[in-house]
Structure formats: structure tokens, C-alpha cells
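[1] what follows is a protein structure lacking sequence information:
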């Protein structure tokens, strides 16, 4: 599978963090399309094609922040996992929260990984390398079964 076929949905309310992630992906030569939702509500609208949003077609992966307004990242993950059409979505949590409770809740909801953001410049390059590796070797769920 060609990793450029997979869209990355970044669910992040902070403009600076979102820009940093996108720049890090670009610097690491990740050429996948990157879309952004500013909170969990907007992400759900994009995943389901609700409220005038164009439906995001699979395959895709989500990078989700934990602390967001309206619908936080962990509530978004739970909502996705309870939706038959979305439950196989590949989700990575990308957050400043290093709380054991948040990490446990995320893994209990079957996220693919929990990445704690830091201010280290090399950290986003490492994230991009990890995503590139993941997208290159992991086959996403079949389109006809995941919505």
C-alpha cells in the first residue's frame, strides 16, 4: 500500500501546535494530505459528513489532542469507538497531557498510540518518522467495512 493514500486528520484546537505538527510532517517529507478539525465535534462532522462538512473518505488516521473545547479528545475517541461505521478508525493521541489517567483511558478505548508532545524540536520529526513507518507497513481496515 502507498502511504500517500492515507489522509491524516489532525484534531487540535491550538493553532501553534497544529502548525508545528504540520511543519514537522512536511520537514520529514510526509506527503499525506493533512486536514484539521479544531475539536471533537468538528472531527465527528468531518467523519460523518454532517452539518455541511464533506465526509472524509477512508483510509485515514487521526491525531487527536486530549484537551479541547466542546468535545475533548477522549470523549471523541469513545464516540468513534461506539459508532459501528467508525469503530475501526486508527487513532493516535497527540497531547501535552502526561496524566496516567488520560493515558489509561485512551488505551482502554483502543488507540494505536499515545504520544506526549514536548517542546523538543526533534520530537515532531520523530513523530513524522513514526507515522511514515506506520503508514508504510500497516494496512488500514478494508474500506467496505469501516464506513
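    On my side now, so go ahead. Predicted, not measured: the structure shown is a model, and the values here were computed from it.
[2] all strands for the protein, in order.
    Using DSSP state E, the strands of the chain run over 7-11, 34-37, 60-64, 90-95, 113-116.
[3] so which of these gets nearest residue 50?
    Residue 50 sits nearest to strand 34-37 of all the strands of the chain, at 12.1 Å, using Cβ to Cβ. In this view, the C-beta of every residue, glycine as well, is placed from N, C-alpha and C.
[4] ok, the residue of the chain most remote from its centre - contacts?
    Distance from the C-alpha centroid of the chain, by Cα atoms, centre = their mean, peaks at residue 52 (21.2 Å). By Cβ atoms under 8 Å, 6 or more residues apart in numbering, residue 52 lies in contact with nothing.
[5] how confident was the prediction at it?
    The confidence metric pLDDT takes the value 91 at residue 52.
[6] phi, psi of it?
    Backbone torsions of residue 52, given as degrees, to the nearest 10, read phi 80, psi 0.
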